[in-house]
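# give me a 3D structure for the following:
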Amino acid sequence: MAEKKLDDVYGLDSPEATMEFYEGWAGSYDMELAENGYATPGRCARALRKRVQDPATPLLDFGCGTGLSGAAFAEAGFTTIDGMDPSEAMLDRAREKDVYRKLDVMDLDDPAPVAPESYPIIAAVGVIGAGAAPLSTFGMLMEGLQRDGLLVLSFNDHTLNEPGAKATLNEWLDLGAARLLFSEHGPHLPKEGLESTVYVIEKA
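Numbering: from 1, shown residues only. Here you go, the predicted structure:
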């Protein structure tokens, strides 16, 4: 079952289909990803923690899902974590982990659910690309960062193969609007043979 869910998610082609899929996946999501060795949240949390002096700095976990990423950030020492996700069922599971200061439902019709310059740190762990939010989400999250703020995100292999994925980052980097502090390709879902690149980007 786990393999079927993981295979199916990358073929979703609309926000509505994605929303319905994740609503139905909430109950088994944590178990299925754990069975496949889900490594990206921990990798993102460790990479970010090395670059943040004060772990009490507010962090927005965008597309937090069931809270696996929030739990990883809490384990890394972060203490002020907010979450946002469009799925009520996923958020119900996130509340159970008791690591979030607050959890908000995201409106899929809102082009900018994160207000400009509202957070010093934003995380998008497995959120942008194939089977999830569109690549344009990256620009919205960069706008949501305060000056000198940090964005930690991951692109899995499916997303890295999408036309324009790397260009989406490079548009900001090449213009000097952001600086790449960290980039590492490594395990994502090892039992699925899938890897991801983790990035830490600083807004200029």
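
# what is the host helix or strand of V198 packed up against?
In the assignment (DSSP states H and E), V198 maps to strand 194-203. The helices and strands touching strand 194-203, judged by 3 or more C-beta pairs under 8 Å, 6 or more residues apart in numbering; DSSP states H and E, are helix 40-49, strand 145-156, helix 157-160, helix 165-174, strand 178-189. The C-beta positions use only the backbone N, C-alpha and C, and glycine is treated the same way.

# low-confidence bits of the chain, can you list those?
Of all residues in the chain, those with pLDDT under 70 make up the ranges 1-22, 24.

# one more time with 90
Applying pLDDT under 90 to the chain flags residues 1-34, 36, 108-109, 129-133, 163, 192.

# returning to that earlier point: which residues sit against the strand holding V198?
Strand 194-203 has contacts (C-beta atoms under 8 Å, 6 or more residues apart in numbering) with 40, 43-44, 47-48, 51, 126, 142, 145-158, 160, 169, 172-173, 177-188.

# mind listing the strands it pairs with, and their directions?
For strand 194-203, the paired strands and their directions (DSSP bridges) read strand 145-156 (antiparallel), strand 178-189 (antiparallel).

# pick the most deeply packed of the ones you listed.
Burial of the strands paired with strand 194-203 is given as mean neighbour count (mean count of other C-beta atoms under 10 Å); strand 145-156 ranks first at a mean of 21.

# next one: that strand to chain centre, how far?
Centroid separation between strand 145-156 and its chain, computed with C-alpha atoms, centre = their mean, to the nearest Å, is 10 Å.

# same check, this time on stretch 27-38
The mean C-alpha position of stretch 27-38 is separated from the chain mean by 16 Å, C-alpha atoms, centre = their mean.

# neighbours around E171, how many?
Neighbours of E171 under the rule other C-beta atoms under 10 Å: 15.

# what separation do you get for it and P113?
Computed as C-beta to C-beta, to the nearest Å, the E171 to P113 distance reads 21 Å.

# just A130 next, same as before
Using C-beta to C-beta, which is the criterion applied here, A130 is 20 Å from P113.

# repeat for G186
In this structure, G186 and P113 are 29 Å apart, going by C-beta to C-beta.

# do you know which of the helices and strands packed on strand 194-203 lies nearest A71?
Nearest to A71 among those is helix 40-49 (7.4 Å), distances taken as C-beta to C-beta.

# would you indicate which residues of that closest one are buried?
When neighbours are counted by 16 or more other C-beta atoms under 10 Å, the buried residues of helix 40-49 are found to be 40-45, 47-48.
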